[in-house]
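*Asks:* What shape does this take:
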Amino acid sequence: MAHRSAAAAGARPLEDDVAALHAHLPAFVKPADVVAALEALVARSETEADVCASALAPFDESAHLEGFLGLPGLEELANRWHYGNYVAVRGKDPEEEGGKVFESMPLYTRLGMHLMFYGALQIELLRTSVIIKLLKELSEREGRIYDSPQSIQSIPSFIKTYSLSLDELLQPDIAKYSNFNDFFHRKLKPGSRPVKDPENTALFCSAADSRLTVYPSVGAAQQFWIKGCHFSIPSLIGEIPRSVRARMFLGGSIAIFRLAPQDYHRFHCPIDGVIGDITEIPGQYYTVNPMAVNESCFDVFTENRRSVMYMTHKQSSAPVAIVAIGAMLVGSIVWTVTKGSVVNRGDELGYFAYGGSTVVVIFPPGVCQFDEDLLENSVRPIETLVKVGESLGKSVLSQAAFDEEAVLAAADKKLDASEDSSSSPFVRLKGVMRKLCCI
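*Replies:* Residues are numbered from 1 along each chain as shown. Okay, the predicted model is just below:
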């Protein structure tokens, strides 16, 4: 589905908070009904060529599926409400005409969110092995379906539904793709995503065709965007707080690239540097839609499956972490580079197979200065549409100026101070109250 203008989207009310997820569906629609609907959507992907009749259907075009899915009220919802997100158009004021567009949420994401946020007790149910196993099995099954030769039948309707252009594809003949996933992580022609000022190694660029938010610190990200109770850099990269890697990025800056199903799903290098270690972190398969990321009771980024690549920035010698995060119905995360490789901004790093997903780039404190327009939009808060190679920001350090010892020493002071303050009765009570809010 092509972007809608803000004016066109305004013709219907927008469902934009978790409370509305359940107020808008009849009370008798229970989690078991939603589970059955998700299973039916995935199963239908195997036989149905039209993506609007299966999991990838935009919610606004799903009214005709009410009877098939057995969800009373679906037709009224799809006809009455908009389900999705506004995103800012770069170079324009989001508050002015043409400054933002609307993107519809896929049907499977909307149903998955209903299951995730059904209520306090149901949130605990979601964390049980039964529901976790279900989401994992559905994701893996969808991946197998779209890896099958028969799945090529869905490519034409996918292109039509999401208004995709074939002009920039390395292989524009869709008959040459072996299956749907082969097309999903399609390659582009060389030069399709030019990097701004490629000779200037102090600059950083966008890592993906995506919707982007940037924050100078994790604290700022939590204030405006990531509302999960337990989000932290150590939990994101799978490290204990006192590890060298966790301390290296404590207080650092963060860029969040969210990819939607219609996007080009290969992600690229935001820096000029050298590839280091890659670590795999098992996890769940929850949606990365902003409504979930913005929910205080849910830690999407640190609970989902993710893969972390560490790099060294050529100009400053600073470490940089690139976290690829899977999501609901994402089949796999594949890296196409190896340790020790020297890469430049815009070079391919890897790809996601099927579904929406996210790339998070983490810089140590005092390394990155993000572009002002991206910062302004992020604190509104609203995501900004970007493509690979567009400007992200720049290094504020001179050649080889990163001081690892100083960064680690500063991190130790912060951790020591935090441990001292956490022993006070007031802070302990505050922590208990925070946890109670997430039950």
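*Asks:* how near is the spatially most central residue of the chain to Ser154?
*Replies:* In the chain, the residue lying closest to the centroid (C-alpha atoms, centre = their mean) is Thr358, at 2.8 Å. Using C-beta to C-beta, to the nearest Å, we find Thr358 at a distance of 24 Å from Ser154. In this view, the C-beta of every residue, glycine as well, is placed from N, C-alpha and C.
*Asks:* Could you list the domains of the chain?
*Replies:* If you go by automatic domain parsing, the domain ranges for the chain are 4-184, 203-405.
*Asks:* Dump those to a markdown table, plus distance to Gly191 and mean pLDDT.
*Replies:* Shown next, in a markdown table, are these (distance: least, C-beta to C-beta, whole Å; pLDDT from 0 to 100):
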| stretch | distance to Gly191 | mean pLDDT |
| --- | --- | --- |
| domain 4-184 | 9 | 76 |
| domain 203-405 | 10 | 88 |
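*Asks:* just these: most buried one?
*Replies:* Greatest average neighbour count among the domains of the chain goes to domain 203-405 (a mean of 21), per mean count of other C-beta atoms under 10 Å.
*Asks:* So what pairs up with Ser307 in the strands?
*Replies:* Assessed by DSSP bridges, Ser307 has beta-bridge partners Glu280, Ala324.
*Asks:* The stretch 151-300 of the chain: helices as residue ranges?
*Replies:* Assignment of helices within the stretch 151-300 of the chain using DSSP state H, counting those that start in this stretch yields the ranges 155-161, 180-184, 218-224, 233-237, 244-248, 290-293, 300-303.
*Asks:* can you tell me which of those comes nearest to Glu280?
*Replies:* With C-beta to C-beta as the measure, helix 233-237 is the member of the helices of the stretch 151-300 of the chain nearest Glu280 (11.6 Å).
*Asks:* So what touches that closest one?
*Replies:* 218, 240-241, 243, 245-246, 249-250, 252, 279, 281, 299, 301-302, 306, 308, 321, 323, 360, 362 (C-beta atoms under 8 Å, 6 or more residues apart in numbering).
*Asks:* is it true that the residue nearest to the centre of the chain lies in a strand?
*Replies:* Yes - Thr358: assigned to a strand according to DSSP: H, G, I helix; E, B strand; the rest coil.
*Asks:* Strands of the stretch 251-400 of the chain, start to end?
*Replies:* Using DSSP state E, counting those that start in this stretch, the strands found in the stretch 251-400 of the chain span residues 253-259, 266-268, 273-281, 306-313, 319-325, 332-335, 342-343, 348-353, 357-363, 368-370, 383-386, 391-395.
*Asks:* how about JSON lines for those, with distance to Ser165 added?
*Replies:* Listed next are those as JSON lines, based on distance: least, C-beta to C-beta, whole Å:
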{"stretch": "strand 253-259", "distance to Ser165": "17"}
{"stretch": "strand 266-268", "distance to Ser165": "16"}
{"stretch": "strand 273-281", "distance to Ser165": "31"}
{"stretch": "strand 306-313", "distance to Ser165": "29"}
{"stretch": "strand 319-325", "distance to Ser165": "25"}
{"stretch": "strand 332-335", "distance to Ser165": "24"}
{"stretch": "strand 342-343", "distance to Ser165": "27"}
{"stretch": "strand 348-353", "distance to Ser165": "19"}
{"stretch": "strand 357-363", "distance to Ser165": "21"}
{"stretch": "strand 368-370", "distance to Ser165": "29"}
{"stretch": "strand 383-386", "distance to Ser165": "15"}
{"stretch": "strand 391-395", "distance to Ser165": "23"}
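*Asks:* between the ones you listed, which one is nearest to Glu97?
*Replies:* Among those, strand 383-386 comes nearest to Glu97, with 16.3 Å by C-beta to C-beta.
*Asks:* what's near enough to touch the residue lying closest to Tyr177 once chain neighbours are set aside?
*Replies:* Among residues not flanking Tyr177 along the chain, Phe183 sits closest, at 4.3 Å (C-beta to C-beta, 6 or more residues apart in numbering). For Phe183, the contacting residues are 152, 155, 158, 174, 177, by C-beta under 8 Å, 6+ apart.
*Asks:* Please repeat the previous calculation with a cut-off of 10 Å.
*Replies:* Applying C-beta atoms under 10 Å, 6 or more residues apart in numbering, we find Phe183 in contact with 146, 151-152, 154-155, 158-159, 164, 169, 171, 174, 176-177.
*Asks:* circling back to that earlier point, out of the helices of the stretch 151-300 of the chain, which is closest to Leu71?
*Replies:* helix 290-293 (19.0 Å).
*Asks:* Please tell me I have it right and Gln171 contacts His185.
*Replies:* No - taking contacts as C-beta atoms under 10 Å, Gln171 lies outside contact range of His185: 12.0 Å.
*Asks:* distance of Glu103 from Val343?
*Replies:* For Glu103 relative to Val343 (C-beta to C-beta), the value is 30 Å.
*Asks:* swap that for Phe184, sorry
*Replies:* From Phe184 across to Val343, the span is 23 Å (C-beta to C-beta).
*Asks:* just the strands in the stretch 51-200 of the chain please.
*Replies:* Here the stretch 51-200 of the chain has its strands, by DSSP E, counting those that start in this stretch, at 82-88, 100-104.
*Asks:* Could you export the shortest one as PDB, CA atoms only?
*Replies:* Listed next in PDB are the C-alpha coordinates belonging to strand 100-104 (Å, rounded to 0.1, in the frame of the first residue of the first chain):
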ATOM      1  CA  LYS A 100       4.000  13.600   7.200                       C
ATOM      2  CA  VAL A 101       2.300  10.600   5.700                       C
ATOM      3  CA  PHE A 102       0.300   7.700   7.100                       C
ATOM      4  CA  GLU A 103       1.300   4.000   6.900                       C
ATOM      5  CA  SER A 104      -1.300   1.300   7.400                       C
END
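*Asks:* Which strands border that strand, and is each parallel or antiparallel?
*Replies:* For strand 100-104, the pairing partners within the sheet under DSSP bridges are strand 4-5 (antiparallel), strand 82-88 (antiparallel).
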